[in-house]
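Asker: Sharing a model prediction with you, sequence too.
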Amino acid sequence: MKVRYVIYADFEALNIKKNEVMSEKVKKFAEHEPSGYGITVIDTYATDKCVVLTEKYRGINVIPKFTARINQISLNLKANLSMKVKMNKLTPEEVLVHDKCDTCHICRKAIYKHQQKVRDHCHVTGLYRGACTF
């Protein structure tokens, strides 16, 4: 099963020149200073791989702002994922496929007559995914 959301993030940094002797064998010539970030969130369940959010930030306190923003985004996405959609009514074709199915679509193991076969569905779209054991 694929994940619903993918987050792409990237930092930009300035290369600040330094001239510090750290030890007898080590000299610091430069230091990276974060100057900005970009975030893009993709909904992989959308038919066109929908971009949910694109955001850029340039300024001070890049790392704390990025961390706070990622936490906020993850809470919003978690709330979206917690909404459970009931399974859509199966089409006649899906009923036939389910009734004939003798293999769990999740673990790929056989479903025996003494086991309870159930209808698995996506809790986001409500679409039937296949037969599985309970």
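Answerer: Arrived safely, thanks for sending. Given the structure is predicted, the values throughout are model-derived calculations rather than measurements. Residues are numbered from 1 along each chain as shown.
Asker: C-alpha only now, for contacts and for neighbours.
Answerer: Will do.
Asker: The helix of greatest length in the chain - contacts with which helices or strands?
Answerer: Among the segments of the chain that qualify as a helix by DSSP state H, the longest is helix 62-82. Packed against helix 62-82, as judged by 3 or more Cα pairs under 8 Å, 6 or more residues apart in numbering; DSSP states H and E, are the following elements: strand 27-43.
Asker: buried ones in the strand it packs on?
Answerer: By neighbour count with 16 or more other Cα atoms under 10 Å, strand 27-43 contains the buried residues Pro34, Ser35, Gly36, Tyr37, Ile39, Val41, Ile42, Asp43.
Asker: ok, now stretch 4-12?
Answerer: So, applying 16+ other Cα under 10 Å, buried residues of stretch 4-12: Tyr5, Phe11.
Asker: returning to what we had before: can you put the buried residues of strand 27-43 in JSON lines and add pLDDT and distance to Glu93?
Answerer: Listed next are those as JSON lines, based on pLDDT from 0 to 100; distance: Cα to Cα, whole Å:
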{"residue": "Pro34", "pLDDT": "97", "distance to Glu93": "56"}
{"residue": "Ser35", "pLDDT": "97", "distance to Glu93": "56"}
{"residue": "Gly36", "pLDDT": "98", "distance to Glu93": "52"}
{"residue": "Tyr37", "pLDDT": "98", "distance to Glu93": "48"}
{"residue": "Ile39", "pLDDT": "98", "distance to Glu93": "42"}
{"residue": "Val41", "pLDDT": "96", "distance to Glu93": "35"}
{"residue": "Ile42", "pLDDT": "94", "distance to Glu93": "32"}
{"residue": "Asp43", "pLDDT": "90", "distance to Glu93": "28"}
